[in-house]
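In: build me a model:
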Amino acid sequence: MKTALVFPGQGSQAPGMGKALYDRSPAAKALFDAAPGILGFDIVKIMFEGTEEELKQTSVTQPAIFIHSVAVALTGGFEADMTAGHSLGEFSALVAAGVLTFEEGLHLVSIRANAMQKACDAAPSTMAAIVGIDDAVVEQVCASIDDIVVPANYNTIGQLVISGSESGVDLAIEKAKAAGAKIAKRLVVNGAFHSPFMQPAAEELAKGIHAANFKNAQIPVYQNFTALPETDKEKIKANLIAQLTGPVRWTQTVENMIKDGAGKFIECGPGKVLAGLIKRVDKTLLTENFD
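Out: Numbering: from 1, shown residues only. Here you go, the predicted model:
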């Protein structure tokens, strides 16, 4: 049975995140202490003492989750055969696979977070969760609307998040309910992640990625955009850029990891979101959380 390391994305943050790890692990403490110098602000103080509202800002949330997740992975002594991360978590997975250093990964996450925040501020847009109908039905609903609305996060079986213009998403919610969705509601977000609205952010991130020192992966990284394993650094770069405007194929990623022998999934970082999603794909899988 193979072991997979998985890393959470935005939404897993919580006040006080990482403090217990910081206090118990000198190696983790060194990573936390290096972060403010890379980012230019005291993110550790916000992580440990900030409010829920402060932690919700994209420019804070993304680096905070990355720092916490990577510190767990690099100091936990885990032996993994493969890795993957949900959206932002893909950057943590790349560090765990030896593609990027902690410093390089954090720098790119900062570029990504600020570019996404800028794209959100530039145009009103939103996201919605659709639960209880087949992915194919949700895809048809999105395709039937003459506005920007697309599948964004294939989270688990029967749970898909859509993304797009406010009017497009609202119409999709109505159509999804008519098609039998148990839940179809807007998420409390300030932008349409993983949609065409993120094109300016993708272009900005691409510049940072092409300037960074990527290495080939030491273990396969199952990437969001394709849900397939990659080790080649050039393919990894291309998929990482495409991820910002393309969907997170998490359900398909988990299914492919299982097909390739994964039976144990270790979630590194705050929260237990991914463990829950993975169990809904296959109840027999072993899942563990380390924060």
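
In: spell out, range by range, the strands that occur in the stretch 151-291 of the chain.
Out: For the stretch 151-291 of the chain, the strands defined by DSSP state E, counting those that start in this stretch cover 159-164, 183-186, 221-222, 229-230, 262-268, 286-290.

In: can you list the ones you listed in a markdown table and add mean pLDDT and mean neighbour count?
Out: To be clear about C-beta, it is placed using only N, CA and C from the backbone, and glycine gets the same treatment. Formatted as a markdown table, the strands of the stretch 151-291 of the chain follow (pLDDT from 0 to 100; neighbours: other CB atoms under 10 Å):
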| stretch | mean pLDDT | mean neighbour count |
| --- | --- | --- |
| strand 159-164 | 97 | 26 |
| strand 183-186 | 96 | 16 |
| strand 221-222 | 98 | 26 |
| strand 229-230 | 98 | 20 |
| strand 262-268 | 97 | 23 |
| strand 286-290 | 92 | 15 |
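
In: switch these over to a markdown table; also include distance to residue 100.
Out: Shown next, in a markdown table, are the strands of the stretch 151-291 of the chain (distance: least, CB to CB, whole Å):
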| stretch | distance to residue 100 |
| --- | --- |
| strand 159-164 | 26 |
| strand 183-186 | 34 |
| strand 221-222 | 11 |
| strand 229-230 | 14 |
| strand 262-268 | 15 |
| strand 286-290 | 21 |
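
In: buried set for the lowest-mean-pLDDT helix or strand in the chain?
Out: Every helix and strand in the chain was compared by mean pLDDT, DSSP states H and E; the lowest is helix 52-56, with a mean of 90. By 16 or more other CB atoms under 10 Å, the buried positions in helix 52-56 come out as 54, 55, 56.

In: also stretch 213-230?
Out: 214, 217, 219-230.

In: relative to residue 21, which of the strands of the stretch 151-291 of the chain is closest?
Out: Residue 21 lies closest to strand 286-290 among the strands of the stretch 151-291 of the chain, at 8.8 Å (CB to CB).

In: measure the most centrally placed residue in the chain to residue 62 for me?
Out: The geometric centre of the chain, computed from its C-alpha atoms, lies nearest to residue 87 (CA atoms, centre = their mean), at 2.3 Å. Distance, residue 87 to residue 62, by CB to CB, to the nearest Å: 9 Å.
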